[in-house]
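Q: Sequence and predicted structure below; questions after.
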Amino acid sequence: MLFNSYIFIFLFLPIALVGFYVLSKTSRSEAKFLWLVVASFLFYGWWNASYLIIILGSIVVNYAVGTVLSGEHGNRAKKLILFLGVTANLGLLGYFKYANFFVDTINQVTGFNIPLDNIVLPLAISFFTFQQVAYLVDAYRGEVKDYDFIHYCLFVTFFPQLIAGPIVHHKEMLPQFIKGNTRSRSENFSIGITIFTIGLFKKAVLADGVSQFVGPAFSSAESTMVMSTFDAWTGALAYTFQLYFDFSGYSDMATGLARMFGIVLPINFNSPYKSKSIIEFWRRWHITLSNFLKEYLYYSLGGNRLGEKRRYINLFLTMLLGGLWHGAGWTFIIWGALHGAALGINHFWHRVKQHYGVIGSSKAYAVISLLLTFLTIIVFWVFFRAETVSGALNIIQAMFGLSPDVERTVSSGSIYWFVMLSAICLWAPNTYQIMKNHEPVLEQRMLTGEVTDKLLWKPSLKWAVIVAILLFWSICTLSSVTEFLYFQF
């Protein structure tokens, strides 16, 4: 079941909301939580009922391990329990996500023929695994209170953020489930439906609209070594914008859906193409994943505490594993390695500026930094999207005029899309900035930048009309429903 589908918008969501609101009026508050858990399991099992066995088994095991870690045990015993718990989680993830890749790689390198049936990746396994690994580590650190099983189930399965994030932290979510929200249901609903509608428009109209230029270019790169510079740039730019509005749209829809139930999610997307460095980009793109990798991987490797050289190595390893998390393939590994190297170069440049007193605050420097960062991101996304390394290299060679000149095959209509989407990405305020007076996300401090009063959302007839138009426009495009790109990760 997809957020951008008729069955979700017109059947599942209304039933889930009505049931939640009705049960919220009863004296037994646990009933509404149980209702959301059941709804979330139904939402998850819609794709494949057999997935329910995996996620339920994962929840039961991790809740039991977390309960043990929260108890009174010796430090050595707790370390062993934590190790076994984390190993079990990563082992499950590794089997489903990477077994086929590693066996195929071994067969190609050695010439062996190790048999292994194609393993189907359970939906959202990366997200609910990381979420529960963080829970176990926090339980080991003594940062977890006693929560009952229903609350824990809801923490893991809450359907607005279950499939593709944000990766939520127990201390962000569980207190909200228990204490609730002080705003009225009507206020939460109006805020939520506005954010959801903006996200639906981004996905259904903008991301799916520009996607028509992605397939032809990347398919051509996989089938031939020769393509025009225009076609190569068209494919790379189209995917850059498709992924942006697809993931931004999903993040908005998840945030809006949660808010309809009175829950405020952490920010996961904050105008990343406005970044003036790769460091800043990773503070704005998939923020909760970046925070998870930093807190539970980068710091565990030693962070910057073991010297400057070790810092660069740890950055590189963190991003390399981050690339592998996104997908079991050499293109994702290369993409992660490129970002790891770019982060190292970026940190080194900051040290050079500090040492030699290089001034980097002028408008010209800011513009050059933004354009250089954006160009770097576009090139790196080619590896993220391409099916093979050779296909990615074919596109990059053509982008920079290293392939023979050939006639272009992609329509020049893409230029109008690129101009419009560039303006939105680079200059327009994002959804959360427009909604910033109404606590759209937990980290309000991240919503920097001035927004004129005319663009700030408030309950009014004007905004009701705008939201209605965007919703109607988006629903009219749902005849060709497509999955969110991050569902495959």
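A: Yes, it's here. On a predicted model such as this, the values are computed, not experimentally measured, just so you know.

Q: May I have stretch 191-201 as PDB, with CA atoms only?
A: As requested, the backbone C-alpha atoms of stretch 191-201 are provided in PDB (Å, rounded to 0.1, in the frame of the first residue of the first chain):
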ATOM      1  CA  ILE A 191      -1.300  21.000   9.800                       C
ATOM      2  CA  GLY A 192      -0.900  17.400   8.900                       C
ATOM      3  CA  ILE A 193      -3.100  17.400   5.800                       C
ATOM      4  CA  THR A 194      -1.200  20.500   4.500                       C
ATOM      5  CA  ILE A 195       2.200  18.900   4.900                       C
ATOM      6  CA  PHE A 196       0.900  15.600   3.400                       C
ATOM      7  CA  THR A 197      -0.600  17.400   0.400                       C
ATOM      8  CA  ILE A 198       2.600  19.300  -0.400                       C
ATOM      9  CA  GLY A 199       4.500  16.000  -0.200                       C
ATOM     10  CA  LEU A 200       2.000  14.300  -2.500                       C
ATOM     11  CA  PHE A 201       2.300  17.100  -5.000                       C
END
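
Q: Start the count at 51 instead of 1 going forward.
A: All right, first residue 51 from here; so that's stretch 241-251.

Q: and residue 502, how many neighbours?
A: Burial measure for residue 502: 7 neighbouring residues, criterion other C-beta atoms under 10 Å. From N, CA and C alone the C-beta is placed, and that goes for glycine too.

Q: Next: residue 524.
A: Here the count is done by other C-beta under 10 Å, and residue 524 has 24 residues near it.

Q: Doesn't it lie inside a helix?
A: Yes. Using DSSP: H, G, I helix; E, B strand; the rest coil, the assignment for residue 524 is a helix.

Q: Name the nearest residue to residue 111, ignoring sequence neighbours.
A: Nearest residue to residue 111 in three dimensions, chain neighbours excluded: residue 138, at 6.6 Å (C-beta to C-beta, 6 or more residues apart in numbering).

Q: what's the distance between the one you found and residue 189?
A: In this view, residue 138 and residue 189 are 14 Å apart by C-beta to C-beta, to the nearest Å.

Q: secondary structure element for the residue nearest to residue 111?
A: Secondary structure assignment for residue 138, by DSSP states H and E: helix 125-160.

Q: Average pLDDT for that helix, rounded please.
A: Helix 125-160 shows a mean pLDDT of 88.

Q: So which bits of that helix are buried?
A: Using 16 or more other C-beta atoms under 10 Å as the test for burial, helix 125-160 gives 128, 131-132, 135-136, 138-139, 142-143, 146-148, 150-151.

Q: which residues touch stretch 73-82?
A: Outside of stretch 73-82, the residues within contact range by C-beta atoms under 8 Å, 6 or more residues apart in numbering are 70, 85, 200, 235.

Q: residues contacting the last one?
A: To tie it back to what came earlier, the one meant is residue 235. Contacts were defined as C-beta under 8 Å, 6+ apart; by that measure residue 235 touches 71, 74, 312.

Q: Same question for the second one.
A: Residue 85 is in contact with 66, 69, 70, 73, counting by C-beta under 8 Å, 6+ apart.

Q: who wins for neighbours among those residues?
A: Ranked by neighbour count under the definition other C-beta under 10 Å, the contacts of residue 85 are headed by residue 66 with 23 neighbours.

Q: and the protein, what are its domains?
A: For the chain, automatic domain parsing gives the domain ranges 56-232, 236-538.

Q: Need the max-distance pair from the buried residues of helix 125-160.
A: Taking every pair in these and measuring C-beta to C-beta, the maximum separation is 34.7 Å, between 128 and 150.

Q: hang on, isn't residue 267 packed against residue 280?
A: No. With contact defined as C-beta atoms under 8 Å, residue 267 does not reach residue 280; the gap is 9.7 Å.

Q: residues of stretch 316-329 that come out buried?
A: Applying a neighbour-count criterion of 16+ other C-beta under 10 Å, the buried positions in stretch 316-329 are 316-329.

Q: any chance of the residues you listed in CSV, plus secondary structure and pLDDT?
A: Output for these, formatted as CSV (DSSP: H, G, I helix; E, B strand; the rest coil; pLDDT from 0 to 100):
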residue, secondary structure, pLDDT
316, coil, 94
317, coil, 93
318, coil, 93
319, strand, 93
320, coil, 93
321, coil, 94
322, helix, 96
323, helix, 96
324, helix, 95
325, coil, 95
326, coil, 94
327, coil, 95
328, helix, 96
329, helix, 95
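
Q: Mind pulling the model confidence for the residue lying closest to residue 454 once chain neighbours are set aside?
A: Leaving aside its sequence neighbours, residue 454 sits nearest to residue 276 (C-beta to C-beta, 6+ apart; 5.7 Å). The model reports residue 276 with a pLDDT of 76.

Q: Now do the contacts for residue 276.
A: When contacts are counted by C-beta under 8 Å, 6+ apart, residue 276 touches 448, 453, 454, 456.

Q: Quick one: residues contacting residue 288.
A: Contact partners of residue 288, counting by C-beta under 8 Å, 6+ apart, are 260, 261, 262, 263, 264, 267, 464, 467, 468.

Q: So which of these wins on neighbours?
A: Greatest neighbour count in the contacts of residue 288, by other C-beta under 10 Å, goes to residue 267: 27 neighbours.
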